[in-house]
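Undergrad: predicted model, plus sequence, below.
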Amino acid sequence: MTIMHLARFLESITESVSLITHKAVTAWMDWLAIGMNYLA
C-alpha cells in the first residue's frame with residue numbers, strides 16, 4: 001500500500017466518522033428539543 005492509498009483510506013474513514021458524528025449530534029439535538037417542548 002502506497003502513501004497515497006493510505007492517505008485516501010484515512011481520509012475516507014475521517015469523512016465517515018464526521019458524518020456519523022454529525023448525524024448523531026443532529027438526532028440528539030432534535031431529541032433534546034422535543035424533550036424541552038414536552039417539559040415546558
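TA: Received, thanks. Numbers count the residues shown, from 1 in each chain.
Undergrad: low-confidence stretches in this structure?
TA: Within the chain, the stretches with pLDDT under 70 are 1.
Undergrad: which residues in it form helices?
TA: For the chain, the helices defined by DSSP state H cover 3-39.
Undergrad: how about the CA coordinates for stretch 3-13, as CSV?
TA: Extracted C-alpha coordinates of stretch 3-13, given in CSV (Å, rounded to 0.1, in the frame of the first residue of the first chain):
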residue,chain,number,x,y,z
ILE,A,3,1.4,6.6,1.0
MET,A,4,-1.3,8.0,-1.4
HIS,A,5,-3.5,4.9,-0.8
LEU,A,6,-3.1,5.2,2.9
ALA,A,7,-3.9,8.9,2.9
ARG,A,8,-7.0,8.4,0.9
PHE,A,9,-8.1,5.5,3.2
LEU,A,10,-7.6,7.6,6.3
GLU,A,11,-9.5,10.5,4.6
SER,A,12,-12.5,8.3,3.9
ILE,A,13,-12.5,7.0,7.5
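Undergrad: ok, now which ones touch Trp28?
TA: Shown in contact with Trp28 (Cβ atoms under 8 Å, 6 or more residues apart in numbering): no residues. Every residue, glycine included, has its C-beta placed from N, CA and C.
Undergrad: alright, I will stop here.
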